[in-house]
Structure formats: structure tokens, C-alpha cells
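>>> Give me the fold of what follows.
(2 chains)
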Protein chains: 2
Amino acid sequence: MNLAFSLAQNGMGQTWTNPLVGAVIVKDDQVLATGYHQHYGQSHAEVNAIKNLPSIKIAQGATIYVTLEPCNHFGKTPPCTQQLIDIGIKKVVIGQLDPNPLVAGKGVKHLREAGIEVTILNQTGNINQFYNFFYHQQRPFVTLKYAVSLDGKINGPEPKRTLLTGKESKVDSQKLRLQYQAILIGENTLTIDNPLLIVPNQQTDFPAIRIIVVDDANQVNPNLRLFTNSAPIWLLSRQPNYRHWPDFVTVFDQKSWTPTEITRLLTEQGIQSLLIEGGSRTHSRFISSEIVDQITIYLAPLVLGGTALPAVYGTASSQLNFEIKAIKQVGKDLRIDARRES
Amino acid sequence: MNLAFSLAQNGMGQTWTNPLVGAVIVKDDQVLATGYHQHYGQSHAEVNAIKNLPSIKIAQGATIYVTLEPCNHFGKTPPCTQQLIDIGIKKVVIGQLDPNPLVAGKGVKHLREAGIEVTILNQTGNINQFYNFFYHQQRPFVTLKYAVSLDGKINGPEPKRTLLTGKESKVDSQKLRLQYQAILIGENTLTIDNPLLIVPNQQTDFPAIRIIVVDDANQVNPNLRLFTNSAPIWLLSRQPNYRHWPDFVTVFDQKSWTPTEITRLLTEQGIQSLLIEGGSRTHSRFISSEIVDQITIYLAPLVLGGTALPAVYGTASSQLNFEIKAIKQVGKDLRIDARRES
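Sure, this is the predicted structure:
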């Protein structure tokens, strides 16, 4: 199973909203074949392992170790369970049940009904935490990320960008984006920082969707750097859109975009993880809605003083508790990851 | 010399504004005697080493290793240089010159004039950093200390105390006070937190002076917890004081108490180190005056949200740069020490 978990990670960044899955077919203590889910819309891990068998016959009476419950439905590919039954697999060892209601126990049921022995280890290998969270909580996993001074400020008092952290933190925080399916900022951050919100030289067919909450999509300046890259952009506008935008821009309009309404849209669209990158009023709204599962801060060793912009500012809220999960020196800065206490 | 530095540290917490000093008398590769400065107002390290000699005669032709330049003046005790000359010391090896202008080179000069060989190693052993800072910079070393949330807040929005950190951090931050000669808070913190500002069960004759900046000493509530302990209190009042206070309370009055004026008073009084413990406006004033040499934060894994009180709030200031010197997990919190970049 450890081999299967480590194979699964080879699909990182390419499976989009599909989970990472690895599979190993074993008989008489010999590995016959391995496989993993390589790319969204392509074969599942089990099927790739079957394809890698020297011959189909050899699988008769074999055991398959698969990190996630095999599917039992026609999606982008035919169901895996039937293929395992067809080639004569005798035993299926599963890391975790699939929380996706399309599968959720149905795969195991079908296998057992076909007389196959099924063992469920209840091990996740921590490889699909956002996928699991999404199906358990019915909303995306939300991380607040900000660079902050020792006195808790993200920008100087003037409405122009203050660079707090060093280049190592910039690179590290760009890598962080690779783990999320969507990135969100507010309109002030769009105007003041004029960010691209991409990962330079990113090798993936699925860059994060860049989501901007704006008052009126028609008023957004189309010459901002954001629009020079064709990774998907969603504008969440409070006014109906009349402007013609390039294909990679989608405008969603409704009267208000509270954090609850934003995450409801993402849930409907199957987006399992969201990285919020500012500014202080956007952070404040998500905190007061209690829709924050992780905070990742890059602490810069400087102070900005008493009139600078706090990391979280605006809406009132009560105390939310977290737990520090990781501390890392990044250049002269400090990265701290804190997870919401459940 | 390493032995001398380690002896010096035995005086920790008892030498008050005097430096820690250790001394070792050596002849023919044999340690004849050792000594250290044990207590403010009592014998210096060299004299204690001399007292520990089995006989005075044996010191004829010996070498003394002393961490700090021997004094050449009558202070609380007679000058050390003359005693070294009198017992026939041949060579004096000094860790660092004394930055105190009363000594500063005069000790060495006197020894050399008496025909004694003097070697200066320029090693401080990091044992008297506040003492050295004080004489080099002509003001106390100033540390800002605060417990802060992940969103840079020190208190909830209400004017009552919010407890952020765990008991381990409380104990650690009380120990921090042992290193400072004075602790300062503003009047809001006095009223809202009602602190004692002492170290429980402290074994020292020299507890830190508790300094409170107030508008009018006559209006301060004498029933606050602060006044239940007889460690020294200084009230820095903007109004003249007419009230009778206990002996351990001193009132200084002048029209204003800017950070520059506060540190000038401390310098005049020979106070070499100051720990500032809040609140956000006091922090802001010291930062905008650029009188902050270190920041020690206890980062609590929680958020307080958009209307809570920032760690630093009020006076405008420009960016001050620091360097992270130490990171320590304290219970569920994180202690971070950052030193001002020079």
C-alpha cells in the first residue's frame, strides 16, 4: 500500500478535481504491475495497472492494492470494479473509501457481490485532503495566505503596494498556488497590486482559476496584468456584465457575493480548494463567516507601524482557534501554517 | 577566559546595573584562584579571586584572566587595578574593554604604566549585551514584547482583556522580565489588564522597575494590583503629583513623555534595559520614534478578526527592519525574537 500511495503522487497537479490514486497488483509476494491516475479524463489507476500486466491471464487469483475505493460508475471512463472482476482478481485492499457520493461504498458492494474479498485499511496517506474535505464538508477547503510584518500589517498606509517579503518567499508562495484549484482576491488588491496570479513556468493543464470579487465587471480595467495570461478568470460581479471578454474570462453576476455565496458557487462548480490572497477586508469577511480552514503566513522581519494596513480589517468576528502545523524559515522570512481546530 | 566567562554568569540577576564579570588567576598552567562579581555594591570579580588565593604571596608573577577591563576608580569599592599591582600580578588578559567612561581604557593605562603586560582579546562572551549597548548608544536597550494573534491583534474589540496565549507562554514571558531592569506599560494597559508586572517567586534583590506612563498620577487608582507588590514603581505623569504614595512609588512629572523623553530619564537613572509590554499605542509611539532594538512576540494560533485591536496602532511611521534571531515553540504558541538591523 505504501508503494501505491507513492505512485499516486506522480499524478500531482494533473488530475484536477479527480483524486490522486495509485494501484499495485500482487501475486505470490510478487508485484505483477503498478499504475496511477495520470491525468484528468484519462484511465484510472487500476486500469493503468491492468494495462501494465505482462498478460491479463496472470492476474487470475491476484490481489490489488488501491489507495482509493474503485469506482462503479460510468464517468469519463468505464467502471473499474467490473474490470477487476473480469480479470479474476481475488482480493482488493483499499486505502480509503471514496467520499464522492457517486462511488461511496458502491464500489465495495459490487466487488463483494461478485465474491471478491475486500479489505478497507482506512488510510488516506494524506494525498487527497482537499478532495476528502470537499465531499465531507460539501464546500472547498479555504486557506488564507498573506505576507505580514511583525506588527501584523500587510501594507503601508498608502494605497500602493509595499513589498514585505524576500524573493525566496515569493517563489515559495507561488508554489503554494500549485496545490489549489482556485485563487481569490478582492478588487482593491487587483487594483493596487495588479497581480498575475499564476505560477511562472507552470507545467500543468489545469492552472488555478483566478477569481476576483468586483463591484461591476464592466468597470474592471481590461489592461491589468491579470488579463495578459490566458489561465481561467472568474469575475464575481454585483452588476450584470455587458462587456465582451476573452474566452478565458467568465463573469458570474448576482446581487451580493458573501463568503457563503462564493463557496456555494465553487461547490456547484466542483472546485475543492480555494487560496485567498487578500486584501484585509476580504480576509475579514471570510474570518467573520468562519469559512477559513487554514492560514499560511509569510512573516517578514520588519514593522510598518501604527497607521499601516492590518492583515485582517473590517468586519467584526469572534475568536477562531487554529493549531500551528508547520514553521519554516524562507530566506529571511518565516512561513507559518496553522490549521483550524476542528 | 572561557572559565572566567562562565564564572561571570553566576552573578546573573544580582549585579543590577553592574556588569557580570569573572576572573581566574593562573600561574605555571595551574589555576590558583577564581572569582566573580556576586552582588551589586560588593567586591568585584578580581578582588574575589584575590580573596580566594591560598596565600597572597603565591600571586607574585601570576597571570589574571578577567572578562572585563579592571576598574581604576573608587566607586562602591576601591579600584581593582591597584590591588592587582600590589600583589605582583605580571600579566592581565582582558576579555573586553569597559565601555563605561569611568573606566574606559583608564584601567589598562594604569596597569601598563605599572609595567604589567596587558592583552585585550575583544571578546564579550555575550554576557553584558545591555550594559555594552547602554554605554555605546547612551540609552537603554529597548524590547517590545507582545502576545499576538495570527492576524496581528493583541486584544478583542472590547475594552477588557483577551487571553491569547497559553500558560507556558505566560511563564516564559515572566522569565523574560528577569533580563530587564525596567518594564513599561501605558495607562490603558494598566486599567484594562490590571497587571502585577512581577516575576512570581523571584529570587533577586533587584526586581525590574515597573514604569507606567499616565496622564495624571493623582487620578491613578491606588487599589490596582500593581500597588499590592512593593517592587519599585515609577509613575511618569503629565501632571504634578499631590498625592502621598508608598515608598516604593516614585512620581516623575513633566509636560510630555515621548519615547525620547522616557529613555532620556532612564539613561539619567542608569537603567540599561527596558521591556515594553503594551499597549498598541505605546508600541506605536516607540516604533515611530525608532526606539526599538528587539521585538519578542508570542504568536497565538487564533484569529481575532477585523475589529480587534492591532498590536501596533496609532502614530504613523516608516518601515523598520529586523532580523529573526530565534524561534521557539512554547506550548501551543510560538515565540519569535527579532533584532533590529543595525
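
>>> Find the closest residue to chain B in chain A.
Closest to chain B within chain A is residue A:152: 1.2 Å, counting by CB to the nearest CB. C-beta here means a position set from N, CA and C on the backbone, and glycine is covered the same way.

>>> Just give me the neighbour total for that residue.
The number of residues packed near residue A:152 is 33, by other CB atoms under 10 Å in any protein chain shown.

>>> Excluding chain neighbours, what is closest to it?
In this structure, residue A:152 finds its nearest non-sequential neighbour in residue B:152, 1.2 Å apart by CB to CB, 6 or more residues apart in numbering or on different chains.

>>> Report pLDDT for the residue of chain A closest to chain B.
We note a pLDDT of 97 for residue A:152 in this prediction.

>>> With the one 3 residues further on instead?
Turning to residue A:155, the model gives it a pLDDT of 95.

>>> which residues touch it?
Residue A:155 makes contact with A:161, A:162, A:192, A:279, A:280, A:304, A:308, A:309, according to CB atoms under 8 Å, 6 or more residues apart in numbering or on different chains.

>>> who are the neighbours in contact with residue A:136?
Going by CB under 8 Å, 6+ apart, the list of residues near residue A:136 reads residue A:99.

>>> hmm, back to that, who's in contact with the residue of chain A closest to chain B?
A:310, A:311, B:148, B:149, B:151, B:152, B:153, B:310, B:311, B:312.

>>> Distance of residue A:65 relative to residue A:46?
10 Å (CB to CB, to the nearest Å).

>>> Give me the common contacts of these two.
Going by CB under 8 Å, 6+ apart, residues that sit against residue A:65 and also against residue A:46 are residue A:23.

>>> quick check, residue A:58 in a helix?
Yes - Residue A:58: assigned to a helix according to DSSP: H, G, I helix; E, B strand; the rest coil.

>>> Nearest spatial neighbour of it, chain-adjacent residues omitted?
Residue A:58 sits nearest to residue A:32 (CB to CB, 6+ apart), 5.9 Å away.

>>> mind listing what's buried in the helix or strand where that neighbour lies?
Assigned by DSSP states H and E, residue A:32 belongs to strand A:30-36. Buried residues in strand A:30-36, counting neighbours by 16 or more other CB atoms under 10 Å in any protein chain shown, are found at A:32, A:33, A:34, A:35, A:36.

>>> and those residues as JSON lines, adding distance to residue B:262?
Shown next, in JSON lines, are the buried residues of strand A:30-36 (distance: CB to CB, whole Å):
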{"residue": "A:32", "distance to residue B:262": "78"}
{"residue": "A:33", "distance to residue B:262": "75"}
{"residue": "A:34", "distance to residue B:262": "70"}
{"residue": "A:35", "distance to residue B:262": "70"}
{"residue": "A:36", "distance to residue B:262": "65"}
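
>>> Need the residues you listed in TSV (columns: pLDDT).
Formatted as TSV, the buried residues of strand A:30-36 follow (pLDDT from 0 to 100):
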residue	pLDDT
A:32	95
A:33	96
A:34	96
A:35	97
A:36	97
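
>>> Mind telling me the two of those residues farthest from one another?
Taking CB to CB, the two most distant members of the buried residues of strand A:30-36 are A:32 and A:36; they sit 15.4 Å apart.

>>> looking at it, residue A:209 is touching residue A:272, isn't it?
No - at 11.7 Å, residue A:209 does not count as touching residue A:272 under the criterion of CB atoms under 8 Å.

>>> Output the longest strand belonging to chain A.
strand A:320-330 (DSSP state E).

>>> Report the mean confidence score over that strand.
Average pLDDT, strand A:320-330: 97.

>>> so what does it touch, helix or strand wise?
With contacts taken as 3 or more CB pairs under 8 Å, 6 or more residues apart in numbering or on different chains; DSSP states H and E, strand A:320-330 sits against helix A:167-177, strand A:294-300, strand A:333-340, strand B:302-303, strand B:320-330, strand B:333-340.

>>> Give me the distance between it and the centre of its chain.
19 Å (CA atoms, centre = their mean, to the nearest Å).

>>> With stretch A:105-119 instead?
For stretch A:105-119 - counting by CA atoms, centre = their mean - the centre lies 30 Å from the chain centre.

>>> who touches that stretch?
So stretch A:105-119 is contacted by A:69-73, A:79-82, A:84-85, A:89-94, A:97-98, A:120 (CB under 8 Å, 6+ apart).

>>> again, but for stretch A:54-62
In contact with stretch A:54-62 (CB under 8 Å, 6+ apart) are residues A:25, A:26, A:27, A:32, A:33, A:50, A:53, A:87, A:88, A:89, A:90, A:91.

>>> Is it possible to mark the buried ones in those?
Buried among these (16+ other CB under 10 Å): A:25, A:26, A:27, A:32, A:33, A:50, A:53, A:87, A:89.

>>> among these, which are in helices?
Among the buried ones among the contacts of stretch A:54-62, the members found in helices (DSSP state H) are residue A:50.

>>> export the buried ones among the contacts of stretch A:54-62 to a markdown table and tack on distance to residue B:116?
Converted to a markdown table, those look like this (distance: CB to CB, whole Å):
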| residue | distance to residue B:116 |
| --- | --- |
| A:25 | 86 |
| A:26 | 83 |
| A:27 | 88 |
| A:32 | 86 |
| A:33 | 85 |
| A:50 | 90 |
| A:53 | 90 |
| A:87 | 95 |
| A:89 | 91 |
